[in-house]
Structures are given as structure tokens and as C-alpha cells.
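S.K.: just coords:
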């Protein structure tokens, strides 16, 4: 009979499993969405990204990344990905329900087991962008707009920004319960 020493093989297999567990633990512990792609298709993603976009993981696996990128940003983002260089870019993503979110993406192309993959960390910056737009409005219009008092101008801005017909802006009095 022939016998083989498989100790080295078993050690390599255990080491790989330990490395995969460490990677999965790090990816799941982060606050950012993480996606792994190859040839423009999603190979894997963490729970934070699936929640951010409103999908189940199995709905994302194998899909082209172009399905998730806002049309207005598609050419710029794809050029960035195709360049294969490390990148830091802000762009829009589309959620499953059709809503649009702004994200900050930090991507890097790496070689793994002879395959080129792209690892991208994604942070939802929609809230920050809304604050920036509000601050821009305030800096452009100051306390008045066309001699209009500031509060009505701000209400009109929020009405346009939120897409509603009516916005109520009141002053909370010192008792914190009464609006003037």
C-alpha cells in the first residue's frame, strides 16, 4: 500500500479556514458596507451593505455592479473601477425600493488566488449631503432672500427640498412644550 503524509495539506486547510473566519469577522464588524466584485459582478457583500441597499445577499450575488449605480454617475464610477487603481469617490447608489442614496466608496483592486477582485468599502453619506445642502442654502441666502424674512425662506427651501406643499416652522418656547 501507499501512504501519504497529509499533515501539511491539513495545516494549510486549517490556516485558510482561520483566515476566512478572521476576514468575515472584520467585514461583519465594520459600520461600512463592503462588497467584493470581479469582472463587474458582485461575488460577496456584508450585512451592512445589504441593509443599506434593502436587498438580501442572495439577490445581490452575481448581479452586475451597474445595476446598483445611479445612472447619472455610472460612466464616472465605471471608469474609476476599470482603472484598477485605489480610489476614493462619492456617487449615488440605487436602493431596491428605487430611492437614491449618496455614498462614499473606497475601492482597491487586488489579486487573490490568480483572480483580479475589487474590494470596496461603502459609507452612506446621504445625511451629510443634506446638511451640506442646507448649509449652502444658509450661506447663499443669509438671513433674507429677496427681502423675505429668513424663516419663510427656510420653510420654502425645505418645501422644495422635501417635495412637500406645506412646511410649518415655529419657535419652541422656553417651556419646551409650546410652539409660537
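M.R.: Thanks, I have the structure now. The structure presented is a predicted model; accordingly, all values stated were derived computationally and were not measured.
S.K.: going forward, measure contacts and count neighbours with C-alpha atoms only.
M.R.: Will do.
S.K.: Distance from the chain centre to stretch 69-77, please.
M.R.: 14 Å (Cα atoms, centre = their mean, to the nearest Å).
S.K.: Name whatever forms a beta bridge with residue 110.
M.R.: Residue 110 forms beta bridges with residue 117, as assigned by DSSP bridges.
S.K.: what's near enough to touch it?
M.R.: By Cα atoms under 8 Å, 6 or more residues apart in numbering, the contact list for residue 110 reads 116-119.
S.K.: Quick check: the gap between it and residue 92.
M.R.: 24 Å (Cα to Cα, to the nearest Å).
S.K.: For the contacts of residue 110, pick the one with the most neighbours.
M.R.: For the contacts of residue 110, neighbours were counted using other Cα atoms under 10 Å, and residue 118 has the most, 24 neighbours in all.
S.K.: residues touching that one, list them.
M.R.: 36-38, 107-110 are the contacts of residue 118 under Cα under 8 Å, 6+ apart.
S.K.: any chance of these in CSV, plus distance to residue 129 and pLDDT?
M.R.: Shown next, in CSV, are the contacts of residue 118 (distance: Cα to Cα, whole Å; pLDDT from 0 to 100):
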residue, distance to residue 129, pLDDT
36, 26, 92
37, 27, 94
38, 30, 93
107, 21, 94
108, 24, 94
109, 27, 93
110, 30, 90
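S.K.: which of the residues you listed are buried?
M.R.: Buried members of the contacts of residue 118, scored by 16 or more other Cα atoms under 10 Å, are 36-38, 107-109.
S.K.: in the chain, which spans are helices?
M.R.: Per DSSP state H, the chain carries helices over the ranges 7-29, 47-53, 57-60, 74-83, 126-141, 150-162.
S.K.: The first one - what's its average pLDDT?
M.R.: By that I understand helix 7-29. Helix 7-29 comes out with an average pLDDT of 64.
S.K.: so where's the protein uncertain?
M.R.: Applying pLDDT under 70 to the chain flags the ranges 1-6, 8-29, 138-150, 169-173, 175-180.
S.K.: mind putting the contacts of residue 118 in JSON lines, distance to residue 63 included?
M.R.: Conversion of the contacts of residue 118 to JSON lines gives the following (distance: Cα to Cα, whole Å):
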{"residue": "36", "distance to residue 63": "12"}
{"residue": "37", "distance to residue 63": "10"}
{"residue": "38", "distance to residue 63": "11"}
{"residue": "107", "distance to residue 63": "18"}
{"residue": "108", "distance to residue 63": "19"}
{"residue": "109", "distance to residue 63": "18"}
{"residue": "110", "distance to residue 63": "20"}
